[in-house]
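> Sharing a model prediction with you, sequence too.
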Amino acid sequence: MTLLPVDEALKAILARVPAVTPETTPLTDALGRVLTSALIATHDQPPFNASAMDGYAMRAADVVEGHALRVIGMSQAGTAFDGTVSAGEAVRIFTGAPLPSGADTVIMQEEAQRDSDFVRFTAPARLGHSIRPKGNDFATGQALLEPGTLLTPMHIAVAAAANHAELTVARRPRIGLVATGNELVVPGTPLGPDQIVGSNSFALAALLKPYAETITDHGIIGDDIDLLRTRLAEAFASEPDVLITTGGASVGEHDLVQDVLKDLGVSLDFWRINMRPGKPLMFGMRGKTLVFGLPGNPVSALVTAIVFIKPALRAWLGYAEPPHWHLPLAAPTPPNTARRHFMRAQLVHSTSGPTLLPIAQTDSGHTSSLSKADMLITQPEHDSGQGAGAIVEALSIDAF
Ligand SMILES: Nc1nc2c(c(=O)[nH]1)N[C@H]1C(S)=C(S)[C@@H](COP(=O)(O)OP(=O)(O)OC[C@H]3O[C@@H](n4cnc5c(N)ncnc54)[C@H](O)[C@@H]3O)O[C@H]1N2
Ligand code: MOO
């Protein structure tokens, strides 16, 4: 049996991902979206020379020890002083207020003594001090954010400051999920004999939520060919951008998913990858729908989703692949087989920096060890095992 190398499978999937489709979103809904065009400043920020302190504005040359300046007015944020500061004069000013014409310096009020209409200063003036020059933050025409930026609160801050009420972001895919297996019941069900709680769709919905416009859970379908055909046809009828099945991907008599997908017009690009866990992964297309048939084992389903579906969704959104991590091992790894191993590992913070603690459990049905994992060590095919301290490559499970 030939197994497709992981890198070839990923390449084949990425080749099927459509071009990014831009759409506009209000700023209030932009968090977590991916920008599709550069965000350009349409004004200078600040739009005028502004005070950085509550204090007084004057000409620095007029500040002489023992001499008072006459206070001729006030400049507040939102209401500038409309006159000009001349020799021997000062203007009361507040943080963010426009610097009056004629003034070149601000001295904060803690260094000023006010006496009726006059003010004297207890510190020397430093020319240009406590002034935020016009355009100091950003200037008209400046590119503030690049296409492909995953919008965080900090990006929203600069976009709002730059007066953008709407942003152009990538349309997100509509994702459908289907679990297959006679044994499966939904969480919360009292377990009957031979039953297993179906966890995959819940885990996948949580994993893929940041990328999706909608995630529709089409529920559990038993291992019956007619039922599978009818229910999968219904799932396709809603025209998802991505349809993900779990279970029934292997070679047993009850592993019917591949046959039914083909019956329903899915053209299969590949089945079975040289990896563990996750070997029976299948991938194909039906019209514009990307179809992933994940193995039923919960760790296999999650690992294949992390290794293949997340990169596909990043590409869908125009978000560049995050670099893989290279970190020292906190404990040795055992020798690998001929299949690339995505090994569960914990990120451990030590005084000398972060390290990776491999989790010994390799059972692909073992969810409690998966729940302890922060990273997946990418152990190469035929790797002879590495000692503590060796630098290994890993994927962050949490990375967008
Ligand atoms: N003779 C062979 N047997 C198996 C092979 C093989 O190559 N030859 N491959 C093994 C590998 S590797 C995997 S992975 C599994 C994958 O099998 P399926 O995709 O057909 O999955 P199922 O048989 O339906 O289920 C496997 C296991 O996972 C549980 N399961 C299924 N769906 C869910 C769900 N939604 N939530 C939680 N758990 C689920 C199911 O009850 C089974 O215990 O095949 C090996 N066998
Ligand atoms: O490769 Mo399977 O995914 O071991 O469990």
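Noted; the coordinates are in hand. Ligands and ions are numbered 1, 2, ... in the order given.
> Which parts of the stretch 101-250 of the chain are strands?
Assigned by DSSP state E, counting those that start in this stretch, the stretch 101-250 of the chain shows strands spanning 105-108, 112-115, 118-121, 131-132, 143-145, 166-170, 174-180, 184-185, 196-197, 214-221, 242-246.
> okay, those, which one's buried deepest?
Most buried of the strands of the stretch 101-250 of the chain, by mean neighbour count (mean count of other Cβ atoms under 10 Å): strand 242-246, with a mean of 27. In short, each C-beta sits where N, CA and C put it, glycine included.
> I would like the residues contacting that one, please.
Strand 242-246 is touched from outside by 173-180, 200-201, 204, 232, 235-236, 257, 261, 286, 289-296, 301, 305, 309, 312-313, with contacts defined as Cβ atoms under 8 Å, 6 or more residues apart in numbering.
> so which of these are also by ligand 2?
Restricting the contacts of strand 242-246 to those near ligand 2 by Cβ under 6 Å from any ligand atom leaves P295.
> Just to be sure, which of the contacts of strand 242-246 are found in helices?
Among the contacts of strand 242-246, the subset assigned to helices under DSSP state H consists of 200-201, 204, 232, 235-236, 257, 261, 301, 312-313.
> Return the member of the residues you listed nearest to ligand 1.
N200 (3.3 Å; Cβ to the nearest ligand atom).
> what residues are up against the closest residue in space to T95 that isn't next to it in sequence?
Excluding its sequence neighbours, the residue lying closest to T95 (Cβ to Cβ, 6 or more residues apart in numbering) is D54, at 5.4 Å. D54 makes contact with 93-95, 108-109, according to Cβ under 8 Å, 6+ apart.
> which one of those sits closest to ligand 1?
T95 (57.4 Å).
> JSON lines for the ones in helices among the contacts of strand 242-246, including distance to S350 and pLDDT?
Shown next, in JSON lines, are those (distance: Cβ to Cβ, whole Å; pLDDT from 0 to 100):
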{"residue": "N200", "distance to S350": "34", "pLDDT": "98"}
{"residue": "S201", "distance to S350": "37", "pLDDT": "98"}
{"residue": "L204", "distance to S350": "33", "pLDDT": "98"}
{"residue": "L232", "distance to S350": "49", "pLDDT": "98"}
{"residue": "A235", "distance to S350": "47", "pLDDT": "98"}
{"residue": "F236", "distance to S350": "50", "pLDDT": "98"}
{"residue": "V257", "distance to S350": "44", "pLDDT": "95"}
{"residue": "L261", "distance to S350": "47", "pLDDT": "97"}
{"residue": "A301", "distance to S350": "32", "pLDDT": "98"}
{"residue": "A312", "distance to S350": "35", "pLDDT": "98"}
{"residue": "L313", "distance to S350": "33", "pLDDT": "98"}
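> From those residues, list the ones also adjacent to ligand 1.
Restricting the ones in helices among the contacts of strand 242-246 to those near ligand 1 - Cβ under 6 Å from any ligand atom - leaves N200.
> ok, and the most crowded of the ones in helices among the contacts of strand 242-246?
The most neighbours of any of these, using other Cβ atoms under 10 Å, belong to A301, which has 30 neighbours.
> That one contacts A205, doesn't it?
No: contact status for A301 versus A205: not in contact, 11.9 Å apart, counting by Cβ atoms under 8 Å.
> List, one by one, the residues from this protein near ligand 1.
179, 181, 183-184, 196, 198-200, 246-251, 255, 277, 279-280, 295-298, 300, 364-365.
> thinking again about what came up before, ok, so of the contacts of D54, who is nearest P22?
Checking those against P22 with Cβ to Cβ, the nearest one is T95 at 38.6 Å.
> list the contacts for the closest one?
Per Cβ under 8 Å, 6+ apart, neighbours of T95: 51-54, 77.
> do G353 as well
By Cβ under 8 Å, 6+ apart, the contact set of G353 is P328.
> Show the buried residues in the residues of the chain next to ligand 1.
Buried members of the residues of the chain next to ligand 1, scored by 16 or more other Cβ atoms under 10 Å, are 179, 181, 183-184, 198-200, 246-250, 255, 277, 279-280, 295-298, 300, 364.
> pretty sure L191 contacts V185?
Yes: when contacts are counted by Cβ under 8 Å, L191 is listed as touching V185 (6.9 Å).
> Distance of the residue lying closest to P240 once chain neighbours are set aside relative to ligand 2?
Closest residue to P240 apart from its sequence neighbours, by Cβ to Cβ, 6+ apart: G176 at 3.8 Å. Per Cβ to the nearest ligand atom, to the nearest Å, G176 is found 22 Å from ligand 2.
> can you check G198 too?
For G198, the distance to ligand 2 - Cβ to the nearest ligand atom - is 16 Å.
> I'd say that residue and G181 touch.
Yes: with contact defined as Cβ under 8 Å, G198 counts as touching G181 (7.1 Å).
> Need the overlap of contacts for the two.
What both G198 and G181 touch, as defined by Cβ under 8 Å, 6+ apart, is the set I220.
> give the contact list for the residue nearest to A205 when sequence neighbours are not counted.
Leaving out its chain neighbours, the residue that sits closest to A205 by Cβ to Cβ, 6+ apart is I215, at 4.9 Å. Listed by Cβ under 8 Å, 6+ apart, the contact partners of I215 are 175-177, 205, 208-209.
> per-residue confidence for I215?
What the model reports for I215 is a pLDDT of 98.
> going forward, begin numbering at 5 instead of 1
New numbering, starting at 5: the last item is I219.
> Do you know the pLDDT at L148?
Per-residue confidence (pLDDT) for L148: 98.
> residues contacting the closest residue to it other than its chain neighbours?
Closest residue to L148 apart from its sequence neighbours, by Cβ to Cβ, 6+ apart: L43 at 4.8 Å. Residues counted as contacts of L43 (Cβ under 8 Å, 6+ apart) are 147-149, 153, 162-163, 166, 168, 171.
> can you list the domains in this protein?
For the chain, the structural domains run 10-22+176-308, 26-49+150-174, 54-136, 328-400, going by automatic domain parsing.
> Figure out which of those is closest to F142.
When those are compared for distance to F142 using Cβ to Cβ, the nearest one is domain 26-49+150-174, at 4.6 Å.
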